[in-house]
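*Asks:* Sequence and predicted model, in that order:
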Amino acid sequence: MKLSKRQGVILGGATALLLILTFFIGVGINNALFSASGFVNQYLSALARHDAASALSMPGVADSLPEDVDKTLLRGSALGQLSDISITDVQGNDEKTTVTASYTLGGKKTSGTFVLTRLGNTFGVFESWAFAEPPLARAKVSVWHDAAFSVGDSGQIDLRSTPSGKDATAWGGTGTFVLFAPGNYVFDHTSNWLTAKKVVVDVASPGDTAEIVVDVQANTAFNKRVQQEVNDYLDECVTQQVLQPTGCPFGYQTGNRIVGKPTWEVVEYPVIDVQPGETTWQVINAVGKMRITGEVQSLFDGSVTALDQTVDAIINISITIRSDGNLAIVLT
């Protein structure tokens with residue numbers, strides 16, 4: 001079919017307009033997604049939604065890291081709050097471009113700078129970038145009085161199962177890990193018998209370093225359990241109607257003769273405070289009050305007097321948490 005001159009002009013104009021629109025759409029997509037700023041924005045957006053897999057797949061994030069670097073904490077479950085992302089500055093050339101971004105990290109406004117290099121173009125149109133310097137930070141994590149810690153929603157991480165913490169023991173150790181940057185990280189420990197105060201670390205920019213100590217302590221349940229064991233133990237001790245109850249941390253001595261059988265009772269149970277020792281949990285010199293009553297006959301003149309004395313019960317305990325989770329409580 002032969003087009004009229006007017007139809008040809010219209011078709012040519014439409015084609016030109018389509019090409020122009022395609023060009024500007026391509027430019028827009030390039031700027032939004034494939035430019036240096038778009039590349040950094042994609043990375044930060046992945047961190048904001050805790051998408052570690054997408055962040056790690058981006059060129060220059062983890063693909064050039066040495067083999068001995070501990071990547072255990074490069075997981076989405078470790079990440080905290082990151083929001084309000086905006087690109088504030090782009091400078092440099094294809095070989096080295098710096099992109100500065102601002103964001104809210106753990107509720108605080110901050111910023112960081114990312115170093116990129118241009119790889120070329122995709123389909124001859126879209127720019128292709130990589131991080132010239134990994135957008136990561138480092139954290140030296142020390143755990144005291146246990147081997148495990150957690151970060152965010154990661155669950156318990158045993159240092160002994162990580163590459164950098166393999167020399168740790170059940171009583172603690174240290175590991176050095178790489179982290180996504182930026183990142184809001186909350187380190188702590190929560191288990192049946194133990195707890196640790198939360199340590200909040202905001203890694204604002206790539207290259208930052210942090211030192212974290214997770215100081216694991218006995219929790220309320222641990223203290224209550226040992227307290228109950230001690231109370232039951234003393235309750236059993238006072239059933240012995242002798243001056244020196246066998247296997248018990250108290251007794252009474254007299255130079256006279258006891259008449260009949262003495263009676264013991266607990267006046268005040270020792271207050272248990274479980275603390276870390278060198279390699280085990282311990283209770284040191286907890287003091288209880290015990291009362292003995294009865295009658296004593298003088299060896300000098302045979303007179304009989306009432307016996308009513310209060311003595312101390314000194315409690316020292318070593319406690320270990322067994323592999324099955326139960327407590328092994330030993331009086332020392």
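*Replies:* Yep, that arrived.
*Asks:* From now on I want contacts and neighbour counts done on CA atoms only, so please keep to that.
*Replies:* OK.
*Asks:* residue contacts, the closest residue in space to residue 296 that isn't next to it in sequence?
*Replies:* Nearest non-adjacent residue to residue 296, counting by Cα to Cα, 6 or more residues apart in numbering: residue 258, 4.5 Å away. Contacts for residue 258 (Cα atoms under 8 Å, 6 or more residues apart in numbering) come out as 294, 295, 296, 297.
*Asks:* Please identify which pair of these lies farthest apart.
*Replies:* Maximum pairwise distance among the contacts of residue 258 (Cα to Cα): 10.3 Å, between 294 and 297.
*Asks:* Overlap in contacts, those two.
*Replies:* 258, 259.
*Asks:* where's residue 231, which helix or strand?
*Replies:* Taking DSSP states H and E as the definition, one finds residue 231 inside helix 220-237.
*Asks:* Just the residues contacting that helix, thanks.
*Replies:* So helix 220-237 is contacted by 192-194, 245-248, 265-266, 269, 271-274, 329 (Cα under 8 Å, 6+ apart).
*Asks:* before we move on, back to that, can you list the strands that the helix or strand the residue nearest to residue 296 falls within pairs with?
*Replies:* Residue 258 is part of strand 257-268, with elements assigned from DSSP H and E. Using DSSP bridges, the strands paired with strand 257-268 are strand 281-297 (antiparallel).
*Asks:* How about the partner strand, which residues are buried there?
*Replies:* 281-284, 286-292, 294-297 (16 or more other Cα atoms under 10 Å).
*Asks:* which of those lies closest to residue 149?
*Replies:* residue 281 (17.9 Å).
*Asks:* Just list the residues touching the closest one, thanks.
*Replies:* The contact partners of residue 281, by Cα under 8 Å, 6+ apart, come to 274, 275, 318, 319, 320.
*Asks:* at 10 Å what do you get?
*Replies:* 145, 171, 217, 218, 274, 275, 317, 318, 319, 320, 321, 329 (Cα atoms under 10 Å, 6 or more residues apart in numbering).
*Asks:* Now, of these, which are buried?
*Replies:* Among the contacts of residue 281, those classed as buried by 16+ other Cα under 10 Å are 145, 171, 217, 218, 274, 275, 317, 318, 319, 329.
*Asks:* Just the pLDDT for the third one.
*Replies:* The one in question is residue 217. If you check residue 217, the pLDDT there is 98.
*Asks:* and it, what does it touch?
*Replies:* Applying Cα under 10 Å, 6+ apart, the residues near residue 217 are 144-146, 189-190, 193-197, 274-276, 281.
*Asks:* Return the closest of the contacts of helix 220-237 with respect to residue 65.
*Replies:* Distances from residue 65 to those, taken as Cα to Cα, are shortest for residue 194 (35.0 Å).
*Asks:* any idea how far the closest one lies from residue 151?
*Replies:* Residue 194 is 16 Å from residue 151, where distance means Cα to Cα, to the nearest Å.
*Asks:* Let me have the buried ones among the contacts of residue 281 in TSV, extended by distance to residue 84.
*Replies:* As requested, the buried ones among the contacts of residue 281 are arranged in TSV below (distance: Cα to Cα, whole Å):
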residue	distance to residue 84
145	39
171	41
217	37
218	39
274	45
275	43
317	53
318	51
319	49
329	52
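*Asks:* and which of the contacts of helix 220-237 is nearest to residue 72?
*Replies:* residue 194 (22.7 Å).
*Asks:* Thought residue 145 was touching that closest one, still the case?
*Replies:* Yes - with contact defined as Cα atoms under 10 Å, residue 194 counts as touching residue 145 (9.5 Å).
*Asks:* any shared contact partners between those two?
*Replies:* Common neighbours of residue 194 and residue 145 (Cα under 10 Å, 6+ apart) are 216, 217, 218.
*Asks:* Any idea what the first one is bridged to?
*Replies:* Same thing as residue 216. residue 196.
*Asks:* what's near enough to touch it?
*Replies:* Contacts of residue 216 by Cα under 10 Å, 6+ apart are 143-149, 171-172, 188-190, 194-197, 276.
*Asks:* Report the contact partners of the residue nearest the centre of the chain.
*Replies:* Centroid check for the chain by Cα atoms, centre = their mean gives residue 187 as the closest residue, at 2.6 Å. Under the criterion of Cα under 10 Å, 6+ apart, the contact list for residue 187 reads 78, 141, 149-154, 196-201, 212-214.
*Asks:* Now for residue 102: which residues touch it?
*Replies:* Residue 102 makes contact with 83-89, 109-113, 204, according to Cα under 10 Å, 6+ apart.
*Asks:* how near is it to residue 204?
*Replies:* From residue 102 to residue 204 the distance is 10 Å (Cα to Cα).
*Asks:* Over to residue 134?
*Replies:* Distance, residue 134 to residue 204, using Cα to Cα: 14 Å.
*Asks:* okay, the two: which has more neighbours?
*Replies:* Just comparing residue 134 and residue 204: by other Cα atoms under 10 Å the higher neighbour count belongs to residue 204, 24 against 21.
*Asks:* returning to that earlier point: pull out the buried residues from the contacts of residue 102.
*Replies:* 83, 85, 86, 87, 110, 111, 112, 113, 204.
*Asks:* Tell me which two of those residues sit farthest apart.
*Replies:* Spanning the widest gap among the buried ones among the contacts of residue 102 are 83 and 113, at 16.2 Å by Cα to Cα.
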